[in-house]
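J.: curious how this folds, go ahead:
(one chain, ligands or ions: 1)
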Amino acid sequence: MLLEIPRHTEIFGSLKIHELQRVIKLDSGDFESPLANSIPREAIRDVLKRSAMIIPIKNEKIHLLDGVLRAIPHDTSVIVVSNSAREPQDRYKMEREAVEHIANLTGQPIMMIHQKDAGLAVAFNDVRYEHILQGDSVRDGKAEGMLIGILLAKSMGKEFVGFVDADNYIPGSVNEYVMDYAAGFCLSESPYCMVRLAWRYKPKVMEERLYFRKWGRVSESTNKYLNMLLSACTNFETGVIKTGNAGEHAMTMKLAEILEFSTGYSIEPYHFVYLMEEFGACAAETPFTDAAREGIEIFQIETLNPHIHEEKGEEHINAMLIASLSTIYHSKLCTDFVRDVLRREIEEMTGKRGEPPENLKMPPIQGIDAERFLKVLESASETFERFGYHSHEHATSASTAAEEEENGFYDALEK
Ligand code: GDD
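T.: Just a heads-up that it's a prediction; the model follows:
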């Protein structure tokens, strides 16, 4: 792959935020360009083998999940964490069938679990991580699903974790996202690295035409205020942050282990806020001295593919934006000026006066014994399953049977 060399890198304490890099060529063979970052296929493949891709899912169309599963490169493992309805229709059961089907056809290792599985609460209590629980089960929320996935990846000894939403209409774009993650990791000089994607376009139908929009409302606003926060800290105005809400992102396990997580959809902007607070120039002493010494690198890559996903409506967008802005508002780095502007923006949106509610936080998982977590989970869980782990020979030797199964599966889906 050929990636643009970032023109500028914002350095803030131990944090390096690289400017947006465009994909010049997705597959550039072994061509070594003097004008770009060249990442050989083999290097990407090597990273993929050490990675797990986590798919958080809640009540999405099965066809979309199916496309996403097919698009993730074979060399990486997949972890599906579902919070889908079990009643009146058991959507989880339908997802499970799709996952099993793909794993049987391809031999790709896929783990799957339901977020509300009582066994998860047993396992989290056992490793003393009750921050993710509400009552006797795991809280709702995308971040909570992602965190379960990270722990499962850690238990498998994976060195990189990436996230892909399940509601993507373009399987080819999902395939690119995973390759972009791997390429970003190949460029990093630090073992503490995050790769965040900005979509080239997010097309919309406007006046009966397809309009290739660049920014969504949530991203535009979150980026603006994250940049304002960073500028207020450094006293130099910057617009370096372009991926404040990047749902599609990936990180090294070393970084995942030391991150604090904000609940629900505020998880992605909070990565920036937390890293600035913990590793920025004015940070107090951090317990993560190795990371402070090595430095933390954030790559922002603009995808070649456009992003088309399920639209969930105005209310959903507003809730996501308020949760995002609230992480900035409540940051200990936030100045009175930034807070005032934010408060006015939020009041205008909600029609309510006062401070936005603060998001819940979940502490770093570094101290958790992930193997023990998995062991307890395996014995207490009702839904945890692994597919495709030993079926590689079966998948390659039984192509006719697989084709038949494939046809049968889709006949069943259509009914
Ligand atoms: N496990 C789990 N648990 N998954 C969930 C939950 C939950 O409680 N809630 C949502 N998801 C899944 C969805 O099914 C989807 O696969 C993914 O998380 C993203 O959720 P969406 O509701 O589709 O979010 P979005 O498309 O509006 O926003 C996405 O893009 C934003 C950037 O524009 C998300 O990735 C955001 O996090 C991101 O900021």
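J.: is the ligand contacted by the helix or strand hosting M53?
T.: Counting by DSSP states H and E, the element that carries M53 is strand 51-57. Yes: Strand 51-57 is in contact with the ligand by C-beta under 6 Å from any ligand atom, via 56-57. No exception for glycine: its C-beta is placed from N, CA and C like everyone else's.
J.: following the chain onward from that strand, which element is next?
T.: According to DSSP H and E, the helix or strand after strand 51-57 is helix 62-71.
J.: how far does that following helix sit from the chain's center?
T.: 17 Å (C-alpha atoms, centre = their mean, to the nearest Å).
J.: which ones are touching Y177?
T.: By C-beta atoms under 8 Å, 6 or more residues apart in numbering, Y177 lies in contact with 162, 164, 197, 248, 303.
J.: and the closest residue to the ligand within the chain, how many neighbours?
T.: Among all residues of the chain, G247 sits closest to the ligand, at 1.9 Å; criterion: C-beta to the nearest ligand atom. Using other C-beta atoms under 10 Å, G247 is surrounded by 20 other residues.
J.: same check, this time on H63
T.: Residues near H63, counting by other C-beta under 10 Å: 12.
J.: for the ligand, what are the nearby residues on the stretch 301-415 of the chain?
T.: 309-310, 312, 316.
J.: farthest-separated two in those?
T.: For those, the maximum inter-member distance is 11.9 Å, found between H309 and H316 (C-beta to C-beta).
J.: more neighbours, these two?
T.: H309 (17 against 12).
J.: lowest-confidence helix or strand of this protein?
T.: Least confident element among the helices and strands of the chain, by mean pLDDT, DSSP states H and E: helix 392-397 (a mean of 42).
J.: residues in contact with the spatially most central residue of the chain?
T.: Geometric centre of the chain, nearest residue: F163, 3.2 Å, by C-alpha atoms, centre = their mean. With contact taken as C-beta under 8 Å, 6+ apart, F163 is in contact with 53-56, 146, 149, 247-250.
J.: pLDDT check: weakest of the residues you listed?
T.: Within these, G247 has the lowest pLDDT, namely 91.
J.: for that residue, what are phi and psi?
T.: The phi/psi pair for G247 (degrees, to the nearest 10) reads phi -60, psi -30.
J.: isn't it right up against S266?
T.: No: applying C-beta atoms under 8 Å as the test, G247 and S266 come out as separate, 11.8 Å apart.
J.: which parts of stretch 276-289 are buried?
T.: By 16 or more other C-beta atoms under 10 Å, the buried positions in stretch 276-289 come out as 276-280, 283, 288.
J.: cool, and stretch 33-53?
T.: Residues of stretch 33-53 classed as buried: 36-40, 43-44, 47-53 (neighbour count, 16+ other C-beta under 10 Å).
J.: reformat these as JSON lines; add secondary structure.
T.: JSON lines is the format used below for the buried residues of stretch 33-53 (DSSP: H, G, I helix; E, B strand; the rest coil):
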{"residue": "A36", "secondary structure": "coil"}
{"residue": "N37", "secondary structure": "strand"}
{"residue": "S38", "secondary structure": "strand"}
{"residue": "I39", "secondary structure": "coil"}
{"residue": "P40", "secondary structure": "coil"}
{"residue": "A43", "secondary structure": "helix"}
{"residue": "I44", "secondary structure": "helix"}
{"residue": "V47", "secondary structure": "helix"}
{"residue": "L48", "secondary structure": "helix"}
{"residue": "K49", "secondary structure": "helix"}
{"residue": "R50", "secondary structure": "coil"}
{"residue": "S51", "secondary structure": "strand"}
{"residue": "A52", "secondary structure": "strand"}
{"residue": "M53", "secondary structure": "strand"}
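J.: farthest-separated two in those residues?
T.: The widest separation within the buried residues of stretch 33-53 (C-beta to C-beta) is 28.5 Å, between A36 and A52.
J.: could you dump the residues of the stretch 301-415 of the chain next to the ligand to a markdown table with distance to E208, pLDDT and secondary structure?
T.: Formatted as a markdown table, those follow (distance: C-beta to C-beta, whole Å; pLDDT from 0 to 100; DSSP: H, G, I helix; E, B strand; the rest coil):
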| residue | distance to E208 | pLDDT | secondary structure |
| --- | --- | --- | --- |
| H309 | 21 | 89 | strand |
| E310 | 21 | 86 | coil |
| K312 | 22 | 84 | coil |
| H316 | 24 | 90 | helix |
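J.: what's the neighbour count on A118?
T.: 15.
J.: residues contacting it?
T.: Neighbours of A118 in contact, by C-beta under 8 Å, 6+ apart: 136-137, 380-382.
J.: contacts with the ligand among the buried residues of stretch 276-289, please.
T.: Of these, not one also sits near the ligand (C-beta under 6 Å from any ligand atom).
J.: quick one on the thing from earlier: now restrict the contacts of Y177 to buried residues only.
T.: 162, 164, 197, 248, 303.
J.: look up how far S219 lies from the spatially closest residue to the third one that is not a sequence neighbour.
T.: Nearest-residue entry for L197: E248, 4.4 Å, with adjacent residues in sequence omitted and distances by C-beta to C-beta, 6 or more residues apart in numbering. To S219, E248 is 12 Å away according to C-beta to C-beta, to the nearest Å.
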